[in-house]
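1. Kindly return the folded structure for what I paste below:
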Amino acid sequence: MKRITIFGREGCGFCVRAKELCEIKGLDYRYIDIHKENISKEDLEKTVGKPVETVPQVFCGQEHIGGFTELEAFLTQAGV
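-> Coordinates of the predicted model:
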């Protein structure tokens, strides 16, 4: 499986859960704190390719997965 990239922010419970899920599954992932990296909502929307209202925003390689719920479903469907 390609590297999982999680765009999130401090204090976000679903961001924490997304990181924990990747750790539990032993996946190669990186976490990007949008505030520490000065990533604006507009920048994130350009990366995602559509309007975003929440974090985390999760990618597998270059493929946008969605948020935590979509990540969980994606990994289940992939048999991970």
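2. Quick one: list the elements packing against the longest helix anywhere in the chain.
-> Longest helix of the chain, by residue count under DSSP state H: helix 13-25. Secondary-structure packing of helix 13-25 (3 or more C-beta pairs under 8 Å, 6 or more residues apart in numbering; DSSP states H and E): strand 4-8, strand 29-33, helix 68-77. The way it works is simple: take the backbone N, C-alpha and C, and place the C-beta from them, glycine included.
3. right, and these - which one's nearest Gln57?
-> Taking C-beta to C-beta, strand 4-8 is the member of those nearest to Gln57, at 4.5 Å.
4. could you give the mean pLDDT of the closest one?
-> If you average the pLDDT over strand 4-8, you get 98.
5. now stretch 67-80
-> Stretch 67-80 comes out at a mean pLDDT of 97.
6. same question, stretch 43-62
-> Here the average pLDDT along stretch 43-62 is 95.
7. Renumber starting at 56 from here on
-> In the new count, where the first residue is 56, that last one comes out as stretch 98-117.
8. ok now it, how far from the chain's centre?
-> Between the centre of stretch 98-117 and the centre of its chain there are 8 Å (C-alpha atoms, centre = their mean, to the nearest Å).
9. before we move on, back to that, need the helices and strands packed on helix 68-80 in a markdown table with distance to Cys70 and mean neighbour count, can you?
-> Output for the helices and strands packed on helix 68-80, formatted as a markdown table (distance: least, C-beta to C-beta, whole Å; neighbours: other C-beta atoms under 10 Å):
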| stretch | distance to Cys70 | mean neighbour count |
| --- | --- | --- |
| strand 59-63 | 3 | 22 |
| strand 84-88 | 8 | 16 |
| helix 123-132 | 8 | 16 |
